[in-house]
Structures are given as C-alpha cells and as structure tokens.
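A structural model of the following input is requested.
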Amino acid sequence: MVRGKIEIKRIENVTSRQVTFSKRRKGLLKKAHELSILCDAQVAAIVFSQNGRLYDFASSDMTKIMERYEIYRRESFAAERLQKEQYVQELKREMAIMVNKIDHLQLHCRRVMGQDLDSCSVEELKELTIQIEKSLTIVRSRKAKLNEDKIEKLRAEIAGGKGVLNERSKLHQMFEEKPLWMQPRNVQESDHKSAASCGSGNMDISDVKTDLFIGLPES
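Numbers count the residues shown, from 1 in each chain. Purely as a prediction, here's the structure:
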C-alpha cells in the first residue's frame, strides 16, 4: 500500500513529534552509514534534538572529519572573500573612470558656454572654435530646412485657398445668373418686332372688333 505524502511543517503534537524525530533520526543515520559504505565516502552526521541531546555518526574519526571540514571552509571562505574583494576593486576602478569622464564632459560644456577658458591653451581654443563652428553649421542647416518646410506648407495652404475661392466664385456666378425668361428684353427690339408683325399681315386696327358680347355670335 502506497503511503500518502504528508505536509512538511512543524508537528504541533508533542508525542507525535518525538515519535517522528526518533524514526527519522534512525533513518537518517542509517542512510549516512549506507552512503559511506556504498560510495567509499567520508560521511559525518550531527543531530541535536529539541531537548539538546546529541546524536552523531561518522564513517571514520569524527575529529579528523571536522578538521578537514574546517580547512576546506577556511579555504573556500578565503577564495570567496578574495573574489569579492577583486569585484569591489573592479567596481571602484570603473567608478573612477566614469567620474573622470563626467568631469571632463562638464568642463567641455562650460568651455563651450565661454566659461573656464583661462586654463585653455591656444591649440585647445582653436579646437574649441572649430567644434563651435561645426555645431553652428549644423544648427543653421537644420533651421533652414525647417523654414523651407514651413514655406512649402504655407504655399500649399495658399494654393488650396485660391482653389476654394475659384470654386466659390464659379458657384456664385452660376446661382446669380438669371434664366432667359427672367432676363429683360430690349424695348426697341420689341417695338420693331411688333411693327414688323403688323406690317406683314396688312391688318388694319379699325377692322378688328373689340366689342364685348354675351351669347352666340350672329350668323
């Protein structure tokens, strides 16, 4: 039957805790003894109970094993400490280099702004002048490019505005132009056309009856 797994935590019941300690202590020391025999290893196990009682196992002399452990621990600790010291020294060197670079950059920035020039030599001043002129050339080029872009944008906006005005003028003319039947006629042209129509028919105004009557016309 497979035993179920138990949760690894402190056993609150005192009796159960003592029983578990006794069983597992014996199993631990047994495993240490088997490991030393099977693998030809030097094994030492030290256990203190809750009451302070000592239980130990050593595959050989316990004192020699402890001395060997102390030598190894000191060597390991010394190597680890040396490694840490070397790491700290490396960090200090990098920090000093970075501080030096920061100081140099700050001094260069002050000189570019026209400060702390008393310590500069003629060659350093010439080099500083060349750097400033190069920077001014780059700044002016960038400024000219921005101005050109702005002018092109304004031209495009103006061209678009003219197009809108032209379309608006066309629409205005289209809607204000009157149809032919609403346009006024020339008076002289109208009179001339009336006279022509009357002359062509040889009609006499006296022959036209204008009397108003009601009913059927006379036969």
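
after the helix or strand where residue 89 lies, next one along is what?
Element membership for residue 89 (DSSP states H and E) is helix 62-112. Where DSSP H and E defines the elements, the next helix or strand beyond helix 62-112 is helix 122-176.

Direction-wise, compare that following helix with helix 62-112 and give the angle.
On the basis of axes from the mean of the first three to the mean of the last three CA atoms, to 10 degrees, helix 122-176 is oriented at 70 degrees to helix 62-112.

per-residue confidence averaged over helix 122-176?
Taken as a whole, helix 122-176 has a mean pLDDT of 83.

helices and strands around it, which ones?
Contacts defined by 3 or more CB pairs under 8 Å, 6 or more residues apart in numbering; DSSP states H and E place helix 122-176 against helix 62-112. Heads up, the C-betas are built off the backbone N, CA and C, glycines and all.

Point out where the protein drops to low pLDDT.
By pLDDT under 70, the low-scoring segments of the chain are 1-4, 172, 175-219.

what's the domain layout of it?
12-60, 61-119, 121-175 (automatic domain parsing).

Mind putting those domains into a markdown table with mean neighbour count?
Shown next, in a markdown table, are these (neighbours: other CB atoms under 10 Å):
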| stretch | mean neighbour count |
| --- | --- |
| domain 12-60 | 12 |
| domain 61-119 | 11 |
| domain 121-175 | 10 |
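
Can you say which of those domains is nearest to residue 6?
Minimum separation from residue 6 across these (CB to CB) falls at domain 12-60, 9.4 Å.

what's the span of the closest one from first residue to last?
Taking CA to CA, to the nearest Å, domain 12-60 runs 37 Å from one end to the other.

again, but for stretch 41-55
End-to-end distance for stretch 41-55: 20 Å, by CA to CA.

hang on, the earlier thing: would you format the domains of the chain as TSV with distance to residue 6 included?
TSV is the format used below for the domains of the chain (distance: least, CB to CB, whole Å):
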stretch	distance to residue 6
domain 12-60	9
domain 61-119	32
domain 121-175	74
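
wait, which of the ones you listed is closest to residue 5?
Using CB to CB, the nearest of these to residue 5 is domain 12-60, at 14.5 Å.

Off-centre distance for that closest one?
How far domain 12-60 lies from its chain's middle: 59 Å, per CA atoms, centre = their mean, to the nearest Å.

Now for residue 56: which residues touch it?
Counting by CB atoms under 8 Å, 6 or more residues apart in numbering, residue 56 touches 44, 45, 46, 47, 62.

so it sits in a strand?
Yes. Membership of residue 56 in a strand is supported by DSSP: H, G, I helix; E, B strand; the rest coil.

Any idea what it is bridged to?
Here residue 56 sits in beta bridges with residue 46, as judged by DSSP bridges.

State the distance from it to residue 156.
Going from residue 56 to residue 156 by CB to CB, to the nearest Å gives 93 Å.

swap in residue 11?
Residue 11 sits 85 Å away from residue 156, going by CB to CB.

Next: residue 99.
Counting by CB to CB - residue 99 and residue 156 are separated by 53 Å.

same check, this time on residue 12
84 Å.

Then residue 95?
Residue 95 is 55 Å from residue 156, by CB to CB.

got it, and residue 144?
According to CB to CB, residue 144 stands 19 Å off from residue 156.
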